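Visitor: Predicted model and sequence follow; I will ask about them next.
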Amino acid sequence: MVKCEKKPLFVPLSPASQAVGENVLFFNANASMDAVYECANARFQAIINLLDMLHEFKSSSPNNAAVVSSVASFLLNDANTLFEELSGLALSYDKSQLDV
């Protein structure tokens, strides 16, 4: 009898997104590919919008740059984790189609 490895329901976001020594933030690994994509894309678009707004500021304090950098780092790491999950799912899907 072949044993299937059970995929965990919740997968932690990258360590950079955690900002602490233990995993606190997770995503639903059983969500549809469309939902994972939309979530990742929303974070990616939020960064683009944030950076566009920052570009509009003519004089920005160093504190603003530090805050934007922190927010950008968290959102980009979240989006990257989700896009990496999609990449793995897409590769698995492609391989399963070859086996048919």
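Guide: Yep, it's here. Residues are numbered from 1 along each chain as shown.
Visitor: Now do the buried residues in the lowest-mean-pLDDT helix or strand in the chain.
Guide: The helix or strand of the chain with the lowest confidence, counting by mean pLDDT, DSSP states H and E, is helix 62-98 at a mean of 81. Residues of helix 62-98 classed as buried: 68, 74-83, 85 (neighbour count, 16 or more other Cβ atoms under 10 Å). Just so you know, the C-beta spots here come from the backbone N, C-alpha and C atoms, and that holds for glycine as well.
Visitor: Against which helices or strands is the helix or strand harbouring residue 48 packed?
Guide: Using DSSP states H and E, residue 48 sits in helix 33-56. Secondary-structure packing of helix 33-56 (3 or more Cβ pairs under 8 Å, 6 or more residues apart in numbering; DSSP states H and E): helix 62-98.
Visitor: between the helix it packs on and helix 33-56, how big is the angle?
Guide: Orientation check (axes from the mean of the first three to the mean of the last three Cα atoms, to 10 degrees): helix 62-98 against helix 33-56 gives 150 degrees.
Visitor: who are the neighbours of helix 62-98, in terms of helices and strands?
Guide: So helix 62-98, by 3+ Cβ pairs under 8 Å, 6+ apart, packs with helix 15-18, strand 26-28, helix 33-56.
Visitor: and the second one, what's its mean pLDDT?
Guide: What it means is strand 26-28. Averaging pLDDT along strand 26-28 gives 91.
Visitor: One more: stretch 48-61?
Guide: Model confidence over stretch 48-61, given as mean pLDDT, is 77.
Visitor: so what's residue 61 up against?
Guide: Contact analysis of residue 61 by Cβ atoms under 8 Å, 6 or more residues apart in numbering lists nothing.
Visitor: Likewise for residue 50?
Guide: 68, 71-72, 75.
Visitor: Out of those residues, which comes closest to residue 10?
Guide: residue 75 (19.6 Å; Cβ to Cβ).
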